[in-house]
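# just a sequence and a predicted model for now, questions to come.
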Amino acid sequence: EIAKKIAAGHVLDAEELERLRKEAQVSQELEAVDPAYARACRKWRAQFAEDERVEETRQKIEAKAKAADRMRRKKLDSFAVKREQRERRRQKGSEKREA
């Protein structure tokens, strides 16, 4: 429940913060005395860190793809403008020859 609120960006009230502190303290004590729990905590932390790295890499790849797409569109727009200018020059040239 608290994790969902935090993930959603909500602010915790004093009671929720105190409950979170107590749960963290109990977890820390249990981790110190129970090797299986300590292993599970290390595994969870490693998985969390890996998930964070994956998300960061995904965001970087997405940003790079967007930048490449913008550059490609800019280049195509530039080609279109040049083509349009060339066509105008040709039309003006043919109009002058006709006159």
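On my side now, so go ahead. Numbering: from 1, shown residues only.

# distance of A63 relative to T57?
Separation of A63 from T57 (Cβ to Cβ, to the nearest Å): 11 Å. C-beta coordinates here come from the backbone N, C-alpha and C atoms, glycine included.

# tell me which other helices or strands the biggest helix by length in the chain touches.
For the chain, the helix that runs over the most residues, judged by DSSP state H, is helix 35-98. When contacts are defined as 3 or more Cβ pairs under 8 Å, 6 or more residues apart in numbering; DSSP states H and E, helix 35-98 sits against helix 14-33.

# tell me the pLDDT at A38?
Residue-level confidence at A38 comes out at 97, pLDDT.

# gap between it and A68?
45 Å.

# those two: who's more crowded?
A38 (13 against 10; other Cβ atoms under 10 Å).

# thought that one was touching E29?
No. The pair formed by A38 and E29 falls short of the contact definition of Cβ atoms under 8 Å, at 11.2 Å.

# in the chain, where is pLDDT below threshold?
When residues are selected by pLDDT under 70, those of the chain lie in 99.

# and the residue nearest the centre of it?
To find the centre residue of the chain, average its C-alpha atoms and take the closest one (Cα atoms, centre = their mean): that gives Q59, at 3.5 Å.
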